[in-house]
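**Student:** Prediction below, plus the sequence it came from.
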Amino acid sequence: MNKYKKIFLLSGFLMLVSATEAEPYNVSRSLFNELSNNSIQSINSQNSPLRSIDRSGDRKNLNRSTSTALTGQQIHQGLSQLRSPAQPVKQQRLLISEKQQIALSDLSARSHANKAIVRFNKKNGTPTYIKMKLIPSVAKGFNTQAKSPLDIAKQFLTENRQLLKLEAPTAELKLLRKHVNKEGQQHIHFQQQHHGVPIWGKQLAIHLDKDTSVYMLNGRYVPTLL
């Protein structure tokens, strides 16, 4: 009888120990689930860097906190959702538009080269690389001698906004840095931003030769002219 009593007591003790050890796991798991749910809810809250964009096409305001960097994917998804949800996914993709083709033909006509080397981003249709022989830096009649390389770069961006798919290049691109190499070529780098908030990883560079003519553009950014 004493033997069975000891076994019973020992079994009860082991069950108590097992329950005690399992409790922290259950508590931590519950806490993890709660935090996960709170994280998901916080994305759609008013304090989120990018507020949601509903299917009715009503764009919400973006948080203008300069301490938070938006990702290009967030901006791209937000702009894409402004399209009708009834459209097929393939039609919603931002590809090379007819306006871009016309703008590229116009750029080639104003340059000293018959053919440009252009590479496009397959996901959103923006140029990632443009290189031509002596790309005209400004419109006809523009006095380049009176303008700085930065002004010329901004002028080029504005003239080619259709090709670049940028609605307001000078407002959307903030000067990041610039430098001149030993050959006299100037390299001007811009950071893309949305209402003053930098878009993480989205930059664009304009390259000018020693005569301040734009000869190359490269970078990756989010299209804002749909």
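**Tutor:** Cool, got the structure.
**Student:** Would you mind listing the residues in contact with the nearest residue to Asn121 once chain neighbours are set aside?
**Tutor:** Once flanking residues are discounted, Asn121 sits nearest to Thr128: 5.1 Å by Cβ to Cβ, 6 or more residues apart in numbering. For the C-beta atoms, the positions are set from N, CA and C on the backbone; glycine is no exception. Shown in contact with Thr128 (Cβ atoms under 8 Å, 6 or more residues apart in numbering): Arg119, Phe120, Asn121, Asn218, Gly219, Arg220.
**Student:** Run through the chain and note the low-pLDDT ranges.
**Tutor:** 1-94, 112-115, 134-146 (pLDDT under 70).
**Student:** Mind jotting down where the helices sit in it?
**Tutor:** When secondary structure is read from DSSP state H, the chain shows helices at 2-43, 72-80, 89-92, 98-109, 149-159, 161-164, 169-172.
**Student:** Tell me which residues touch Ile96, please.
**Tutor:** Contacts of Ile96 (Cβ under 8 Å, 6+ apart): Phe120, Gly125.
**Student:** With Ile117 instead?
**Tutor:** Tyr129, Ile130, Lys131, Met132.
**Student:** Tell me the one among these nearest to His207.
**Tutor:** Lys131 (8.9 Å; Cβ to Cβ).
**Student:** I'd say that closest one and Tyr215 touch.
**Tutor:** Yes - contact criterion Cβ atoms under 8 Å: Lys131 and Tyr215 qualify, at 6.9 Å.
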